[in-house]
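Participant: One predicted model, sequence on top.
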Amino acid sequence: MPVSDQPWYVNGVAEVATALDPTALLAVLHEIEREFGRERRELNAARVMDLDIVAYGKLVRNDPPPILPHPRMADRAFVLLPLQEIASGWVHPVLGLSVEELVARLPAGQQIRRA
């Protein structure tokens, strides 16, 4: 996203319960990425793993990172379609739209394949 010469990748969405705040959770996710060989050198570079927090309950925040909900999630089929499978009816806390409504508004041309 956007279309590029990068290889295809597998994407998924998981719902988790945690006592960690978003900043601490993001630090744990970045550590997992490092353990799998991710090196953060160039923005939007191909990577072995990319773990993000898409939403954290109904929390809305711009600072400190992570920005919540994820600022580009509503435009990404590879986020919304798996999210719809595990959280049908979920409502974006800023846009006030359900995941089904967000899917219906997706920009055309996003190539995804079900694994």
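Facilitator: Structure's in. What do you need? Residues are numbered from 1 along each chain as shown.

Participant: okay, which residue is most central for the protein?
Facilitator: Val54 (4.2 Å; Cα atoms, centre = their mean).

Participant: how far is the helix or strand in which Ala27 is found from where the chain is centred?
Facilitator: Taking DSSP states H and E as the criterion, the element that holds Ala27 is helix 22-35. Averaging C-alpha positions (Cα atoms, centre = their mean, to the nearest Å) puts helix 22-35 14 Å from its chain's average.

Participant: residues contacting the nearest residue to Asp50 once chain neighbours are set aside?
Facilitator: The shortest distance from Asp50 to any non-neighbouring residue, by Cβ to Cβ, 6 or more residues apart in numbering, is to Glu33 (7.0 Å). C-beta here means a position set from N, CA and C on the backbone, and glycine is covered the same way. Glu33 sits next to Arg47, Val48, Met49, Asp50, Leu51 when contact means Cβ atoms under 8 Å, 6 or more residues apart in numbering.

Participant: ChimeraX command for the buried members of the residues you listed?
Facilitator: What follows is the ChimeraX syntax selecting those of the contacts of Glu33 that are buried according to 16 or more other Cβ atoms under 10 Å:
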select :47
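
Participant: Tally up the residues packed near the residue nearest to Phe78 when sequence neighbours are not counted, please.
Facilitator: Excluding its sequence neighbours, the residue lying closest to Phe78 (Cβ to Cβ, 6+ apart) is Asn11, at 4.4 Å. Per other Cβ atoms under 10 Å, the neighbour tally for Asn11 reads 15.
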